[in-house]
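>>> Build me a structure from this.
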Amino acid sequence: MRKLSYSLAINEALHQTMEQDDSVFLIGQGVRSPWYVGNTCARLYDRFGPERVIDTPVSENAMTGVAVGAALAGMRPIVVHPRMDFMFYAFDPIINQAANWHYMCGGRSCVPVVFWAIINRGGEQAAQHSQAVHAMFVHVPGLKVVMPSNAYDVKGLFISAIRDDNPVVFIDDRWLYGFEGEVPEEPYSVPIGKASVRQAGVDCTIVASSYAVVQTMRAARILLEEGIAAEVIDLRSVKPFDIDLIISSVRQSGRLVVVDGGWKTCGFGAEVSALVDERAFEYLKAPILRVTLPDCPAPASSSLEKEYYAMENRIVLAAKELVAERWIRRVRVGV
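Coordinates of the predicted model:
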């Protein structure tokens, strides 16, 4: 084990899987450019050449369709979308084709493709370059959706996604690229659909994924200083997601805050809340609360961005509200 940044952990996963399996190749905009994809693809072109590291024109629909076709032909493509916002152009090959193919062929054909989506936020990029639209992909049958939060998980989940025999939407957040963690040198996999407890606690359960886990851990440290022990669950995958671990925690704490780096209305947090309400209502001591981005487009002003993306204080306030004595009294007297 040694320290490695989140972005270099992605790079290592790509190198190792491409070394092991000649059917794996990378295609997309800016795969040779550090400006597009940071250092996640460093030295890949030099090592594997233009036939396996394909830098494409700006044509999201075409390059994604090529990747889906290659997967149907037996390859294992990774198609990178350096700005998640523009994956909307590729909805047809992702949703109409890749997501449905295995089902429509009665399981006789697979589509082993990774749709690698990068969330870009901040830096005054405004509404069209700052969107986290993972909930839209979670809604689609036939797609798995992965959202790691740290260097260890991003390498293991990327390897799992590449090895999966059907389509995986692999979402990472550029704000995570500089964070370091302990990462093994050898290839390893992290199972898709299994969450992890980042901090144990009994007063409140807080569920998050991707960069929201970083924000939640900061909030959890503040809460701990104020005498509130929050259990922090890192989902790692949002489809499928580990509802059993969440319910197990809620049975102990009786309170749930769902933190999501997307919008609130019809967002992923609503799905988590609904399932917990359906399966663990009797254990809840207070209403489930969601902490999300505001239901409005991202601003361009840096001063407004600071408020728009500031989640830590909102997480702290939500947890404190749930733990407040007034909720306990209401449950006890049956009001």
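>>> quick check: longest strand of the chain.
Taking DSSP state E as the criterion, the chain has its longest strand at strand 256-263.
>>> Return the list of helices and strands in contact with it.
Judged by 3 or more CB pairs under 8 Å, 6 or more residues apart in numbering; DSSP states H and E, the packing partners of strand 256-263 are helix 134-138, strand 204-208, helix 211-225, helix 268-280, strand 289-293, helix 312-323. In short, each C-beta sits where N, CA and C put it, glycine included.
>>> Return the most buried member of those.
Ranked by mean neighbour count, these are led by strand 204-208 with a mean of 30 (mean count of other CB atoms under 10 Å).
>>> Could you name the helices and strands sitting against that strand?
Contact partners of strand 204-208 among helices and strands, from 3+ CB pairs under 8 Å, 6+ apart: helix 211-225, strand 230-234, helix 243-253, strand 256-263, helix 312-323.
>>> residues contacting the closest residue to residue 301 other than its chain neighbours?
In space, and not counting its chain neighbours, residue 301 is closest to residue 124: 7.0 Å by CB to CB, 6 or more residues apart in numbering. Counting by CB atoms under 8 Å, 6 or more residues apart in numbering, residue 124 touches 300-302, 305.
>>> at 7 Å what do you get?
Residue 124 sits next to 300, 302, 305 when contact means CB atoms under 7 Å, 6 or more residues apart in numbering.
>>> and which of the residues you listed is nearest residue 144?
residue 305 (31.0 Å; CB to CB).
>>> where exactly do the helices run in the chain?
6-20, 34-37, 44-48, 60-72, 91, 99-104, 134-138, 151-163, 211-225, 243-253, 268-280, 302-308, 312-323, 325-333 (DSSP state H).
>>> Relative to residue 291, which of these is closest?
helix 312-323 (4.8 Å).
>>> between the closest one and strand 204-208, how many degrees?
Between helix 312-323 and strand 204-208, the angle comes out at 150 degrees (axes from the mean of the first three to the mean of the last three CA atoms, to 10 degrees).
>>> Figure out how far helix 312-323 is from the centre of its chain.
The gap between where helix 312-323 is centred and where its chain is centred comes out at 22 Å by CA atoms, centre = their mean, to the nearest Å.
>>> Also stretch 225-238?
For stretch 225-238, the distance to the chain centre is 16 Å (CA atoms, centre = their mean).
>>> May I have the distance across it, first residue to last?
Counting by CA to CA, to the nearest Å, you get 30 Å between the two ends of stretch 225-238.
>>> That stretch: which residues count as buried?
Going by neighbour count (16 or more other CB atoms under 10 Å), the buried part of stretch 225-238 is 228, 230-238.
>>> of all the contacts of residue 124, which comes closest to residue 13?
residue 305 (30.5 Å).
>>> Can you report how many residues neighbour that closest one?
19 (other CB atoms under 10 Å).
>>> show me the contacts for it.
122, 124, 299.
>>> could the residues you listed be laid out in JSON lines, adding distance to residue 136?
As requested, the contacts of residue 305 are exported to JSON lines (distance: CB to CB, whole Å):
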{"residue": "122", "distance to residue 136": "22"}
{"residue": "124", "distance to residue 136": "25"}
{"residue": "299", "distance to residue 136": "22"}
